[in-house]
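Enquirer: The sequence and its predicted three-dimensional model are supplied below.
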Amino acid sequence: MGRFILVTGGARSGKSSFAESLVKECGNENDVLYIATSIPFDEEMKKRVKKHKERRPSGWTTLEAYRDFDIKLDKAGAGKKYILLDCITIMVSNIILEKCIDWNILPENAEDEAEMEAVREVEKLLCAVKALNVTFIAVTNEVGMGIVPGNRLSRVFQDIAGRVNQMLAKNADEVYFCVSGIPVRIK
């Protein structure tokens, strides 16, 4: 991997804008692959996706995916110098929700299975990016600074996202934490 930069922070902390600015500074728009991991399933999410699309330069190639990067990046990332993925926590959420929406009826081992699947997908992502030898920037939410959620699905999400973030930060060359629109380099 050329370079791996992880950008984290809370909701509306400026992390996506900061990550995009890192890529915009780097040169040719055609050198960028943007990976969008969200599935816009309701009107509110569709509006968010629309805003993100409008903010991105038109020359960026977009791949809408949240898994199987070992297969998809070989083709989509060919010839690119930069890959920007936004966002890891939505990717994790999608993987968790593949199991079931009502986590109150699942057996205890469902949490472990969901976490193993999320970790496998992140490992495949990192391997695929490494093979392309590009600058990789991943955006993720810091989900562990608030209270412990009151329902099982939210707790499972917080735990898995937190552990995935630790794994990513350990592998990253640089890590930035965004607070109120200000990025602070923490690694």
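Expert: That came through, no problem. Numbers count the residues shown, from 1 in each chain.

Enquirer: Please report phi then psi for residue 177.
Expert: phi -110, psi 120 (degrees, to the nearest 10).

Enquirer: and what of residue 184?
Expert: Torsion angles, degrees, to the nearest 10, at residue 184: phi -120, psi 120.

Enquirer: Show me what it bridges to in the sheet.
Expert: Following DSSP bridges, residue 184 is listed with bridge partners residue 177.

Enquirer: so where do the strands sit in the protein?
Expert: For the chain, the strands defined by DSSP state E cover 3-9, 32-36, 61-64, 82-86, 135-141, 174-179, 182-185.

Enquirer: Let me know the average pLDDT across stretch 156-173.
Expert: On average, the pLDDT along stretch 156-173 is 95.

Enquirer: Counting neighbours, which bits of that stretch end up buried?
Expert: 156-165, 168-169, 172 (16 or more other CB atoms under 10 Å). The way it works is simple: take the backbone N, C-alpha and C, and place the C-beta from them, glycine included.

Enquirer: Also stretch 132-146?
Expert: 132, 134, 135, 136, 137, 138, 139, 140, 141, 142, 143.

Enquirer: Nearest to residue 180, out of those residues: which one, please.
Expert: Distance to residue 180, by CB to CB, is smallest for residue 142 among the buried residues of stretch 132-146, at 13.3 Å.

Enquirer: If we ignore the residues flanking it in sequence, what's nearest the closest one?
Expert: Among residues not flanking residue 142 along the chain, residue 8 sits closest, at 4.8 Å (CB to CB, 6 or more residues apart in numbering).
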